[in-house]
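> task: produce atomic coordinates for the following.
(one chain, ligands or ions: 1)
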Amino acid sequence: MKPTSYENILVAFEEGVKTITINRPTKLNALNIATIKELHHAFKKAEKDPDTKVIIVTGSGEKAFVAGADISEFADFSVSQGEQLAAQGQALLFDFVAYSSTPIIAAVNGFALGGGLELAMAAHFRIASDNAKMGLPEVSLGVIPGYGGTQRLPQLVGKGHALELIMTAGMIDAQQALQIGLVNHVTTQEELLPLARKLADKIKKNSSVAIAAAIEAVNAGYEDGENGFDAEITAFGKCFGTADFVEGTQAFLEKRKPNFPGK
Ligand code: COA
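I've put the predicted structure just below:
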């Protein structure tokens, strides 16, 4: 696939794993609209690429994953512009990530605030370095989380922890985030990407079509008007028609490792 050049992100590919790095370190990787559009493009391209089995998203530098939406860009917005900002961001990036059929791991390497934490929460799961700080400080700016934070934080940590974080506009450290289930693992900054790679390597050995079906079924449980159990039954049934299922079951019966065609 033709490489694309971006201004605000870096994309690297190695052995089935694409790493997307938000790269505005002087602004603590704050998400301006241009960065959101580039991320949309990169995630879309990665999702369409059959060789990309797992995506890791992280921030450049040692200080921040993403310190939030770029405050300088929306400080003078009107009501309708504010609404449009949230709608556009959710569609282009945050929902796009959450509904990606390719697994996305957020490697939180420092501050993950506001839109930064919302991006990490949209990913399928999160790991963090021990210097990470997470929070939704929007109410300290007179606004609320607008990139899915009021929905995804309570889904991940429960309503009480979510409302405490949102209402205090406070930050929690990596250990506290681990304790409430916001991140799955905490490690040193040096070990963060190696750990993400290790998890990605485990994931990529499995059937990518089955993983996509599992993501879809899990997401269905959080959808209005959808029954997650029904979605699971349909997705389960569909797996029986895939080449990956034939290979996975045959390999088990023949006592060998599967070599999934990804179809
Ligand atoms: N939007 C725009 N710019 C941001 C930003 C954001 N969300 N977060 C950080 N920056 C910029 C700063 O303005 C500063 O730019 P400058 O050097 O041109 O002045 C640069 O990044 C470094 O940040 P600074 O505040 O000097 O670093 P710090 O170590 O003193 O503080 C934070 C770190 C994360 C505590 C602080 O930057 C902060 O509170 N950021 C905003 C967090 C936030 O409210 N996010 C939610 C937005 S909805």
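> helix/strand/coil for the residue nearest to Ala123 when sequence neighbours are not counted?
Distances taken as C-beta to C-beta, 6 or more residues apart in numbering put Ala106 closest to Ala123, at 3.7 Å, once the chain neighbours are dropped. C-beta coordinates here come from the backbone N, C-alpha and C atoms, glycine included. Assigned with DSSP: H, G, I helix; E, B strand; the rest coil, Ala106 falls in the strand class.
> which residues does Ala106 contact?
Taking C-beta atoms under 8 Å, 6 or more residues apart in numbering as the contact definition, Ala106 lies against Ile56, Val57, Thr58, Phe65, Ala112, Leu119, Ala120, Ala123, Phe125, Arg126, Ile127.
> out of those, which are buried?
Neighbour counting with 16 or more other C-beta atoms under 10 Å marks Ile56, Val57, Thr58, Phe65, Ala112, Leu119, Ala120, Ala123, Arg126, Ile127 as buried within the contacts of Ala106.
> narrow those residues to those in helices?
Residues of the buried ones among the contacts of Ala106 located in helices (DSSP state H): Leu119, Ala120.
> could you work out the end-to-end span of stretch 59-68 for me?
12 Å (C-alpha to C-alpha, to the nearest Å).
> now that stretch: buried residues?
Under 16+ other C-beta under 10 Å, the buried positions of stretch 59-68 are Gly59, Ser60, Gly61, Ala64, Phe65, Val66, Ala67, Gly68.
> how about the nearest residue to the residue in the stretch 101-250 of the chain that the ligand sits nearest to, chain neighbours excluded?
At 2.7 Å from the ligand, Gly114 is the closest residue in the stretch 101-250 of the chain, using C-beta to the nearest ligand atom. Excluding the flanking residues, the one nearest Gly114 by C-beta to C-beta, 6+ apart is Gly68, at 3.2 Å.
> quick one, phi psi at that neighbour?
Main-chain torsions, Gly68, degrees, to the nearest 10: phi 120, psi -180.
> next one: it from Pro50, what distance?
Distance of Gly68 to Pro50, computed by C-beta to C-beta, to the nearest Å: 34 Å.
> same question, Gly61
Distance, Gly61 to Pro50, by C-beta to C-beta: 32 Å.
> for the ligand, what are the nearby residues on the stretch 51-200 of the chain?
By the rule C-beta under 6 Å from any ligand atom, the part of the stretch 51-200 of the chain lying against the ligand is Ala67, Gly68, Ala69, Asp70, Ile71, Ser72, Phe111, Leu113, Gly114, Pro137, Glu138, Leu141.
> what's the neighbour count on the closest residue to the last one other than its chain neighbours?
I take that to be Leu141. Distances taken as C-beta to C-beta, 6+ apart place Ile71 nearest to Leu141, at 6.9 Å, with adjacent residues excluded. The number of residues packed near Ile71 is 14, by other C-beta atoms under 10 Å.
> dihedrals phi and psi, Ile71?
Per-residue torsions, Ile71: phi -60, psi -30 (degrees, to the nearest 10).
> what distance do you get for it to Gly142?
According to C-beta to C-beta, Ile71 and Gly142 sit 11 Å apart.
> got it, and Ala200?
According to C-beta to C-beta, Ala200 and Gly142 sit 39 Å apart.
> can you list contacts of the strand or helix carrying Gly116?
Per DSSP states H and E, Gly116 falls inside helix 115-122. For helix 115-122, contacts defined as C-beta under 8 Å, 6+ apart pick out 29-31, 57, 59, 64-69, 89, 93-95, 97-98, 104, 106, 108, 112, 126, 134-136, 145, 147-149, 152-153, 156, 182.
> right, I'll call it a day here.
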